[in-house]
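**Q** missing the sequence, but the structure's below:
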């Protein structure tokens, strides 16, 4: 079995992203900084596009990193083709297969060594409280039980968001030099303030197809000067479009909108929509974006997620402006494919 193939499984997104970064760093150390990167989703490679990327040598780099995300959704024919590749992989490319599931097609799993197969488990509900307390303890801080419960409630089972908010809140508390434990009011005040302008407040404008308002919100968000802002923004939008896709796919089966809201999920994790304001936002998104458009946008955001992590902050504004333009006006299509009108 080749050392150039990896299988990353499980629902814990943050840890898988770090593992992917580590793999890429190893390749850069071995082959130089110009590693060619391609990311595919099963619905994008039914005609063998991923194998073209794997087999074709690049003119610009000595090695290629090819990523297949959402591998739990591969068709039987694609699984067979991947198994054939895994039996005889090329040395000039590294293939990373990613899934939020614990198991995928046996044909694929058998083709990747146990050493290069890793499973990343999400935090269980009863583990989150301990994780939060330990997280703040490591930062030299303490947090009250009611504040812990509110953090879990506000993040709505999104473990990645929970980690992000705890990191931000802890840093804020350290800088503010607070000499007392974090309580429920502190959490509510901080989260409300930090969400004044972020991916969650930007998404309603995107859902309505309002490019002008979306760009205005984007500039406010980026005005914070935080180097992590662009990364968190793209990650937040990716989470919301995955949620929107789950609803749109439910609607296509004949499910009522209210039932689809209750069944909403992100990477097979239940994320029901309960608040009237959120229902209004996602209703607008269902009207503006068809399922195929949402899939294209998810692929676009996944590419952007990698780009913003590697680009300097000076490029973030232009990159994210173009990203919003392609999402809202192009419905995820490439710039040359889309017919764009105005910024209205």
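**A** Perfect, I can see it now. Because the structure is predicted, anything quoted here is derived from the model rather than measured.

**Q** Following element in sequence after the helix or strand bottoming out on mean pLDDT in the chain, please.
**A** The least trusted helix or strand in the chain, going by mean pLDDT, DSSP states H and E, turns out to be helix 184-194, with a mean of 73. Scanning forward in sequence from helix 184-194 by DSSP states H and E, the next helix or strand is helix 199-207.

**Q** now that following helix, how far from the chain's geometric center?
**A** Its chain's C-alpha centre lies 16 Å from the corresponding centre of helix 199-207 when counted by Cα atoms, centre = their mean, to the nearest Å.

**Q** quick one: the helices in the stretch 101-250 of the chain?
**A** 106-110, 125-138, 145-154, 159-176, 184-194, 199-207, 211-222, 229-252 (DSSP state H, counting those that start in this stretch).

**Q** can I assume residue 182 is in contact with residue 142?
**A** Yes. Contact criterion Cβ atoms under 8 Å: residue 182 and residue 142 qualify, at 7.2 Å. Using the backbone N, CA and C atoms, a C-beta is placed for each residue, glycine as well.

**Q** Which residue of this protein lies farthest from its centroid?
**A** Centroid-distance maximum for the chain: residue 179 at 35.4 Å, with Cα atoms, centre = their mean.

**Q** Roughly how far does that residue sit from residue 145?
**A** To residue 145, residue 179 is 19 Å away according to Cβ to Cβ, to the nearest Å.

**Q** just for the protein, where's the confidence low?
**A** For the chain, the stretches flagged by pLDDT under 70 are 1-2, 59, 125, 155-161, 177-178, 192-197, 224-228, 310-314, 335-344.

**Q** Could you chop it up by domain?
**A** If you go by automatic domain parsing, the domain ranges for the chain are 5-119, 125-194, 199-328.

**Q** now those as TSV including distance to residue 334?
**A** Output for those, formatted as TSV (distance: least, Cβ to Cβ, whole Å):
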stretch	distance to residue 334
domain 5-119	13
domain 125-194	28
domain 199-328	8
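
**Q** got a markdown table for the helices of the stretch 101-250 of the chain, with distance to residue 116 and mean neighbour count too?
**A** Converted to a markdown table, the helices of the stretch 101-250 of the chain look like this (distance: least, Cβ to Cβ, whole Å; neighbours: other Cβ atoms under 10 Å):
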| stretch | distance to residue 116 | mean neighbour count |
| --- | --- | --- |
| helix 106-110 | 11 | 16 |
| helix 125-138 | 27 | 14 |
| helix 145-154 | 34 | 17 |
| helix 159-176 | 24 | 17 |
| helix 184-194 | 38 | 15 |
| helix 199-207 | 33 | 21 |
| helix 211-222 | 38 | 17 |
| helix 229-252 | 25 | 21 |
